[in-house]
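# 3D model of this:
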Amino acid sequence: MNLFADIRALVINSLTELTAEGLLPDGLSFDNVAVEPPRDALHGDMATNAAMVLAKPAKSNPRAIAQALADKLSADPRIDTVDVAGPGFINLRLSKNIWGGLVTSILTDTAFGKSALGAGKKVNVEYVSANPTGPMHVGHTRGAVFGDALASLLDYAGYDVTREYYINDGGGQVDTLARSVYERYREANGLSPEIAEGLYPGDYLVPVGQALKEKYGDSLLGKPESDWLADFRLFSTDAMMDMIRADLAMLGVKMDNFFSEKALYDTGLIESAIAELKDKGLIYRGTLEPPKGQMPDDWEPREQTLFKSTDHGDDVDRAIQKSDGAWTYFAPDIAYHYDKVQRGYDEIIDIFGADHGGYVKRMKAAVSALSDGKVACDIKLVQLVKLFKNGAEFKMSKRAGTFVTLNDVVEQAGKDVTRFIMLTRKNDASLDFDFDKVLEQSKDNPVFYVQYAHARVCSVLRKAEAAGVVLTDTPQFDDPAEITLARKLADWPRQVEIAAKSHEPHRIAFYLYELASDFHALWNKGNDKPELRFLQDDLNASSAKIALPRAVAVVISAGLGILGVTPAQEMR
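Residues are numbered from 1 along each chain as shown. Model prediction:
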């Protein structure tokens with residue numbers, strides 16, 4: 001049951017009838033006709049902009065269209081009243097029995113809120129993709145939570161989702177890792193490590209050095225780099241990926257696929273991708289103008305092989321091969337996305353850190369060129385997280401050496417709190433994570449407020465079971481506060497589709513907070529009006545009263561499931 005979709009269908013059918021009757025011209029598009037909650041709840045349960053958006057193309061007065069549409073809508077038994085407001089907005093109040101049917105649907109339909117929006121389209125969501133050079137830090141944490149929640153949201157909305165991690169194991173940073181580990185290998189053999197500038201200083205590499213000692217003994221001490229670099233590189237990368245997988249598991253993130261950048265160089269995929277672009281007339285030799293601002297590492301004032309990305313919406317063309325024949329950083333990225341296109345995805349979503357803003361247009365251009373515009377590409381940038389504790393910024397991790405790790409955050413706050421708080425701001429807005437505030441038990445702490453609502457319902461159900469209350473799926477409404485809560489429940493399927501279309505899982509967190517607020521308001525009202533309490537002396541009355549909070553718990557549980565948060569059964 002999706003009340004907003006159902007009433008929108010009623011509006012569209014009524015507009016079609018008005019067209020058949022000659023009151024509206026043929027050929028009008030109804031795509032922009034919406035049915036939404038009114039800005040002021042006092043105006044009704046729903047509102048439609050139909051008359052406003054159709055007036056200009058219909059060359060008609062919006063109020064005249066609104067009145068004709070209102071006459072049609074008022075004849076439907078689901079509609080209690082129809083009011084035309086202002087220049088042509090239409091406010092609707094639904095029949096009271098509709099809300100009871102809604103609650104029954106929530107309690108009996110296990111798919112309530114799920115959507116067929118995605119229609120089984122294949123979507124690849126690539127997120128985290130931290131360099132395999134150490135443990136995940138707090139910035140990765142936010143990207144991991146955002147990407148994982150987005151993937152779950154799209155799955156809930158009917159998409160076929162693949163969660164993917166791109167292992168950046170093809171660049172010079174992995175050689176730096178191997179050299180850093182060599183110093184820890186020397187340390188494991190009783191020598192003082194020489195952590196030169198540019199090497200990774202974190203203590204997390206100590207166990208890797210010890211493991212290499214167990215494997216090689218002291219046989220590689222004093223040997224030239226050519227004797228050990230390749231083996232240390234592979235060994236260290238595997239060890240770091242094991243650490244990263246453990247970090248992700250701690251956060252409740254499990255990937256469907258790990259894709260190695262290094263593998264791109266061994267398969268000819270880069271050459272194939274560039275050949276594809278060349279066949280499309282998008283590869284040429286040329287010299288780029290020097291970029292404004294900070295000079296990127298891969299720019300050089302010489303003739304190079306360039307990708308004509310401006311043909312697909314980029315600001316400038318991009319170098320893919322240097323004058324010496326070496327690939328730029330962009331070339332393997334093109335090949336990786338070429339592979340995604342070849343795997344048959346209908347849409348590609350990349351989750352990048354805020355410092356990768358310069359990659360947005362070039363990657364979109366590459367996907368557009370490689371797929372002839374048939375594969376959608378959305379790139380979401382995740383802004384920074386600032387950590388606070390005891391009123392001061394949280395200090396770096398000694399284990400990591402230079403940053404606060406995911407492990408630090410989750411150990412301090414817990415998985416569920418960490419995930420929820422990371423989704424309380426839109427991905428492109430910075431986020432302050434205050435350990436004291438996120439653990440306090442108050443309305444100002446959104447994760448507590450939502451969890452408390454679910455736990456309260458669970459408490460009521462335990463007491464009802466002990467009292468012998470037989471549950472029913474048919475609710476009883478006696479107060480406007482109950483209708484307000486039911487109205488918020490009705491908005492759940494609509495919010496799922498809005499969040500899925502916009503790729504904004506934070507909307508789910510916002511919705512759950514508002515739902516919890518309406519629930520707590522009804523609970524508190526019951527303190528003053530005993531007839532509103534969920535548990536009554538009359539067992540039959542209790543059975544009907546409990547149906548509404550049970551529906552609230554169902555929706556909260558579904559929403560928290562999308563966010564990757566376990567619903568609380570009780571609060572301590």
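
# in which helix or strand does the residue most central in space within the chain reside?
Centroid-nearest residue in the chain: Leu150, 2.7 Å away (criterion: Cα atoms, centre = their mean). With secondary structure defined by DSSP states H and E, Leu150 is part of helix 138-156.

# quick one: that helix to chain centroid distance?
5 Å (Cα atoms, centre = their mean, to the nearest Å).

# show me what secondary structure element comes after that helix.
Per DSSP H and E, the first helix or strand lying C-terminal to helix 138-156 is strand 160-167.

# what residues sit buried inside that next one?
Going by neighbour count (16 or more other Cβ atoms under 10 Å), the buried part of strand 160-167 is Val161, Thr162, Arg163, Glu164, Tyr165, Tyr166, Ile167. (Each C-beta comes from the backbone N, C-alpha and C, glycine too.)

# of all those, which two lie farthest apart?
Checking the buried residues of strand 160-167 against each other with Cβ to Cβ, the farthest-apart pair comes out as Val161 and Ile167, at 19.8 Å.

# could you give me the average pLDDT of stretch 496-512?
When pLDDT is averaged along stretch 496-512, the result is 98.

# identify all contacting residues around that stretch.
Outside stretch 496-512, the residues that touch it by Cβ atoms under 8 Å, 6 or more residues apart in numbering are 113-115, 117-118, 146, 149-150, 152-154, 156-157, 159, 349, 378, 380, 420, 423-427, 446, 450, 491-492, 495, 556, 559-560, 562-563.

# save the buried residues of strand 160-167 as TSV, and put in pLDDT and distance to Glu276 too.
Written out in TSV, the entries for the buried residues of strand 160-167 read as follows (pLDDT from 0 to 100; distance: Cβ to Cβ, whole Å):
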residue	pLDDT	distance to Glu276
Val161	98	26
Thr162	98	22
Arg163	98	26
Glu164	98	21
Tyr165	98	25
Tyr166	97	20
Ile167	96	23
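
# now Phe89: closest residue in space that isn't a chain neighbour?
Counting by Cβ to Cβ, 6 or more residues apart in numbering, Phe89 lies nearest to Ala47, which is 5.9 Å off, once chain neighbours are set aside.

# again, but for Pro446
If you skip the residues right next to it in sequence, Pro446 has Tyr513 as its closest partner in space, 4.8 Å away by Cβ to Cβ, 6+ apart.

# does the one you found sit in a helix, a strand or a coil?
Classification of Tyr513 using DSSP: H, G, I helix; E, B strand; the rest coil returns helix.

# that one reaches Val447, doesn't it?
No: Tyr513 lies out of contact with Val447 (Cβ atoms under 8 Å); the separation is 9.0 Å.

# which of these two has more residues huddled nearby?
Neighbours per residue, other Cβ atoms under 10 Å: of Tyr513 and Val447, the larger number sits with Val447, 26 against 18.

# could you check the pLDDT of that one?
According to the prediction, Val447 has pLDDT 96.

# go on, Glu300?
Model confidence at Glu300, expressed as pLDDT, equals 69.

# the nearest residue to Ala500 once chain neighbours are set aside and Ala369, how far apart?
Setting aside the residues directly before and after it, Ala500 is nearest to Ala157 in space (Cβ to Cβ, 6+ apart), at 3.7 Å. Separation of Ala157 from Ala369 (Cβ to Cβ, to the nearest Å) stands at 28 Å.

# quick check: the residue nearest to the residue nearest to the centre of the chain when sequence neighbours are not counted vs Gly147, distance?
The spatial neighbour of Leu150 that comes closest, neighbours along the chain excluded (Cβ to Cβ, 6+ apart), is Pro505 at 5.0 Å. Distance, Pro505 to Gly147, by Cβ to Cβ: 9 Å.

# now swap in Ala58 and tell me
In this structure, Ala58 and Gly147 are 44 Å apart, going by Cβ to Cβ.

# who's more crowded, the two?
The neighbour count for Ala58 versus Gly147, taken as other Cβ under 10 Å, is higher for Gly147 (27 against 20).

# in terms of pLDDT, where does that one sit?
98.

# quick one: residues in contact with stretch 340-347.
Under the contact criterion Cβ under 8 Å, 6+ apart, stretch 340-347 has outside partners 121-124, 159, 162, 348, 367, 370-371, 375-378.
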